[in-house]
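Peer 1: Give the three-dimensional model of this entry:
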Amino acid sequence: MHAVSDDAPLLHDLMPWSVRPLRIGRGWPMAPEPACLRARWTLLTTAPDDTTRTALLHPTRARGPHTPVAQLPGHHTPTTAIAREDGRCPEPVRIQHGPFDQQWLIPDHRLIDVARPELWRIADDRQVFAIEQSPLPDTEEAAVTFCALLPDGRSPAGKPALIRPLYRRPGGRDPNLAPGLTPWLASRLGTDLTAEDMLAWIAAVARPGHRGCAVPLPRTPEQWHEGTALGRKSLWLHTRGTRYADPAQGRDTGLLRPPGGSRPYVRAPLPARPQPDDLRYDPQERALWIGTGQVAPVAPEAWEATAGGVRVLEAWYGRRVAPGEPGSLEALRPAAWTRATTSELLELISVLTLLAQLREELRDFAARLAAAGVDRTGTAGAVTLRSAGILPVPAARRRPASVLEHHEEGPDGQFALL
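Peer 2: Predicted coordinates for the structure are as follows:
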């Protein structure tokens with residue numbers, strides 16, 4: 001991995017508004033499938049007495065059976081105390097758990113210690129979230145990952161990250177970029193560019209630096225066009241084909257297929273109820289085994305891919321088969337391994353395989369940028385941005401925008417005034 005100089009601007013300044021991770025506070029409101037969450041909810045709300053319900057809830061200092069809370073933005077759930085709840089389970093929503101897993105969450109503020117409502121208000125079909133990871137030594141993990149779903153902002157090992165939304169308001173409005181950055185860069189490069197283009201450049205070149213995640217800026221239009229092309233492909237992969245799709249460039253919406261010969265298939269049927277120790281990898285066969293079931297080919301780079309120092313495929317599998325603590329709601333697990341679970345596994349292997357192939361192109365691009373002096377003190381660094389008045393970023397840009405465009409119900413039916 002190529003180091004960058006102290007003069008390269010920081011992601012902290014280029015995308016100034018960041019949000020700390022969600023803190024759910026209990027494991028049971030999140031699961032690999034929604035049916036499991038509905039069953040857990042039913043078990044909680046039909047508990048025979050208050051003592052049993054409280055124990056199942058798993059109370060914390062932030063959330064207990066009588067804690068008053070407001071609704072989550074965009075989700076019309078009751079705001080009465082959970083101790084008095086007897087209705088249906090709120091419709092589970094898909095969220096991003098760590099860089100590569102997608103889980104289901106009950107979107108009920110009464111169950112989530114720190115939900116970060118400012119993120120829920122802006123999570124829509126235009127949004128992309130950049131997740132700035134804490135750097136780990138001796139790994140090839142990316143400094144920044146991306147997702148289209150609302151992220152919990154934690155690695156599989158539980159390490160926190162910083163969540164940087166591309167947009168500060170719903171509907172793709174008010175880019176979370178340093179004011180004046182895009183017109184200044186467009187003028188220098190002699191080309192039109194958008195907030196989406198800027199995020200693509202960040203996806204291509206962001207690197208761990210001495211003071212944080214650094215983003216060297218291009219000096220030539222050629223560098224810009226090559227970097228953003230690579231970044232768009234990276235963003236398309238990270239968002240599972242839901243953003244930055246362009247069929248003319250081989251990026252179909254929601255369709256991630258490695259080239260023939262590296263596309264994974266189920267070669268032997270997977271067991272209906274796999275056990276935690278059933279997962280193994282055979283590098284000679286390039287095969288992933290789950291009990292007597294086999295998926296192949298699986299590239300060694302996909303098997304070895306880590307997030308937060310934990311193997312992605314092992315963590316993903318563990319979330320789906322590990323038994324919960326006896327007597328807890330987490331002990332109520334998915335009934336069986338389904339066809340949908342297999343499809344998710346094949347998609348994840350495809351994403352990891354394609355990202356590993358793209359990593360070689362990104363590494364080569366970074367080497368050529370370094371050889372061209374882009375990452376050294378020069379005419380496109382933090383000093384130049386300060387001279388242009390782009391840095392320092394106004395303090396207000398590091399805070400969330402006011403986006404309340406409708407009533408949000410507060411505790412016990414009161415309306416929040418923001």
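Peer 1: Isn't residue 57 up against residue 82?
Peer 2: Yes. In this structure residue 57 lies within contact range of residue 82 using CB atoms under 8 Å: 6.5 Å. Placement of C-beta: from N, CA and C, glycine included.
Peer 1: what residues are shared contacts of these two?
Peer 2: 65, 111 (CB atoms under 8 Å, 6 or more residues apart in numbering).
Peer 1: remind me which residues of the chain are low pLDDT?
Peer 2: Along the chain, segments meeting pLDDT under 70 span 1-6, 157, 375-380, 403-418.
Peer 1: How is it divided into domains?
Peer 2: What automatic domain parsing lists as the domains of the chain is 11-253+369-416, 265-353.
Peer 1: nearest to residue 360, of the ones you listed?
Peer 2: For residue 360, the closest of those is domain 265-353, at 9.6 Å, according to CB to CB.
Peer 1: and residue 342, what does it touch?
Peer 2: Applying CB under 8 Å, 6+ apart, we find residue 342 in contact with 266, 270.
Peer 1: Which element, helix or strand, includes it?
Peer 2: According to DSSP states H and E, residue 342 maps onto helix 339-371.
Peer 1: Pull the number of nearby residues for the spatially closest residue to residue 110 that is not a sequence neighbour.
Peer 2: Setting aside the residues directly before and after it, residue 110 is nearest to residue 82 in space (CB to CB, 6 or more residues apart in numbering), at 4.4 Å. Residue 82 is flanked by 22 other residues according to other CB atoms under 10 Å.
Peer 1: Quick check: residue 82 vs residue 65, distance?
Peer 2: For residue 82, the distance to residue 65 (CB to CB, to the nearest Å) stands at 6 Å.
Peer 1: With residue 172 instead?
Peer 2: As judged by CB to CB, residue 172 and residue 65 stand 40 Å apart.
Peer 1: circling back: list residues touching both of residue 82 and residue 65?
Peer 2: By CB under 8 Å, 6+ apart, residue 82 and residue 65 have these common neighbours: residue 57.
Peer 1: Packing partners of the helix or strand hosting residue 43?
Peer 2: Assigned by DSSP H and E, residue 43 falls within helix 34-45. When contacts are defined as 3 or more CB pairs under 8 Å, 6 or more residues apart in numbering; DSSP states H and E, helix 34-45 sits against strand 30-31, helix 50-57, strand 101-105.
Peer 1: what's the distance between the second one and the middle of its chain?
Peer 2: If I follow you right, that is helix 50-57. Relative to the mean C-alpha coordinate of its chain, helix 50-57 is positioned 32 Å out (CA atoms, centre = their mean, to the nearest Å).
Peer 1: Tell me where the stretch 301-418 of the chain has helices.
Peer 2: 312-321, 339-371, 382-387 (DSSP state H, counting those that start in this stretch).
Peer 1: Mind listing what's buried along the second one?
Peer 2: When you say that, I think you mean helix 339-371. For helix 339-371, the neighbour count (16 or more other CB atoms under 10 Å) marks 341-342, 344-358, 362, 365-366, 369-370 as buried.
Peer 1: Many thanks, we can stop here.
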